[in-house]
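Chemist: I would like the atomic coordinates for the input below:
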Amino acid sequence: MQVLGIAGPSDSGKTTLVERLAERLSAEARVATVKHLTTEPTVDTEGKDTARHRAAGAAATYGITDDAGWFASGAERTLDETLDDLAPDYDYALVEGYSDAAIPTVALGDRGHAGETVATAPEADAVDVDEVVAALDDLEPYECLASLVAEVKRAPDARYSGAIATFTGRVRALEGPDDDPTEHLAFEKYDGVAEERMATIREELEARDGVYEVRLHHRTGVVEAGEDIVFVVVLAGHRGEAFETVEDGIDRLKDEVPLFKKEVTVDDAFWSHERPER
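Modeler: Numbers count the residues shown, from 1 in each chain. This is a model prediction of the structure:
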């Protein structure tokens, strides 16, 4: 799933741009929208933002209030949790009003934002929607364990499979009881080379007897303590091939893919190869 944030002042036309993008994308793909709300809304009231999202072609619309309320279900929900739920079923998620989210963003009216800049404009009407969509499609998609599992289940050979094995690596807060707590890790990759190495590993693992599909995904940027970092998913005929391939997949990813890790604790920050002696 490709995720795009739209950030800007209240008078910049954020909702208008979401409508234009939803209309453009929904002709060929499934689109969901997420709106940051400062008050609890009346769901899909005519003329309100979420109703406008749906009328423009969004297959699903969600709103999240400042206290993590989620009006679609009434349950507490964060933006990351919502995107994880959407990723298996949607091709695009348009996120309105989350300038502090580390997602690709169109910034209107000089609004500061935390994510990668896809485009800037003084207001919504000045944005070239086709250029934004082309730039977005060139970016790495948003993946989670559920979206990768859903993808391998759709494979042509899934009917021969009796096993799906997965590995999830996460940010460990503590190495031990006397360790300084880790606040977050920051990952950088050797662009081009990292993707090529992972593609080679995937191809070689999928060439094994009884292995039908393999997916490898490693997040980059800042990953907070307790969050997921890396996923390996294997679709295989039997559990033996599945377990063995998952283990080999994560071992090879760590050994062969050029990814660089910076650890930030409450008292220090250092690259993993410079970690101080305990």
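Chemist: C-alpha from now on. contacts and neighbour counts both.
Modeler: Fine.
Chemist: Show me the contact partners of the lengthiest helix in the chain.
Modeler: Among the elements of the chain assigned as helix by DSSP state H, the one spanning the most residues is helix 239-256. Defining contact as Cα atoms under 8 Å, 6 or more residues apart in numbering, one finds that helix 239-256 is touched by 162-167, 197-198, 201-202, 205, 210-211, 216, 232-236.
Chemist: What count of nearby residues applies to residue 134?
Modeler: For residue 134, the neighbour count with other Cα atoms under 10 Å is 11.
Chemist: From the contact counts, what lies against the host helix or strand of it?
Modeler: Counting by DSSP states H and E, the element that carries residue 134 is helix 129-137. Packing partners of helix 129-137 (3 or more Cα pairs under 8 Å, 6 or more residues apart in numbering; DSSP states H and E): strand 2-7, helix 14-25, strand 117-121.
Chemist: Do you have the helices of this structure handy? List them.
Modeler: With DSSP H as the criterion, the chain has helices spanning 14-25, 49-55, 79-86, 129-137, 145-153, 193-206, 239-256.
Chemist: nearest to residue 228, of these?
Modeler: With Cα to Cα as the criterion, residue 228 lies closest to helix 145-153 of the helices of the chain, at 9.1 Å.
Chemist: How about residues contacting that closest one?
Modeler: With Cα under 8 Å, 6+ apart as the test, helix 145-153 has contacts from 84-85, 87-89, 158, 164, 168, 213-215, 231, 233-235.
Chemist: so what's the residue nearest the centre of the chain closest to, chain neighbours aside?
Modeler: The chain has residue 142 as the residue nearest its centroid, 2.8 Å off, counting by Cα atoms, centre = their mean. Sequence neighbours aside, residue 1 is the residue nearest to residue 142 in space, at 5.3 Å (criterion: Cα to Cα, 6 or more residues apart in numbering).
Chemist: Surely the one you found and residue 85 touch.
Modeler: No: counting by Cα atoms under 8 Å, residue 85 is not a contact partner of residue 1; they are 11.0 Å apart.
Chemist: Which one's more surrounded, those two?
Modeler: The neighbour count for residue 1 versus residue 85, taken as other Cα under 10 Å, is higher for residue 1 (22 against 14).
Chemist: Give me the buried positions along stretch 120-128.
Modeler: Judged by neighbour count (16 or more other Cα atoms under 10 Å), stretch 120-128 contains these buried residues: 120, 121, 123, 124, 127.
Chemist: repeat for stretch 103-115
Modeler: 103, 104, 105, 106, 107, 108, 109, 111, 113, 115.
Chemist: try stretch 5-14
Modeler: Neighbour-count burial for stretch 5-14 [16+ other Cα under 10 Å]: 5, 6, 7, 8, 12, 13, 14.
Chemist: Neighbours of the nearest residue to residue 85 once chain neighbours are set aside, how many?
Modeler: Counting by Cα to Cα, 6+ apart, residue 146 is the residue found nearest to residue 85 once chain neighbours are left out, at 7.8 Å. Counted with other Cα under 10 Å, residues neighbouring residue 146 total 15.
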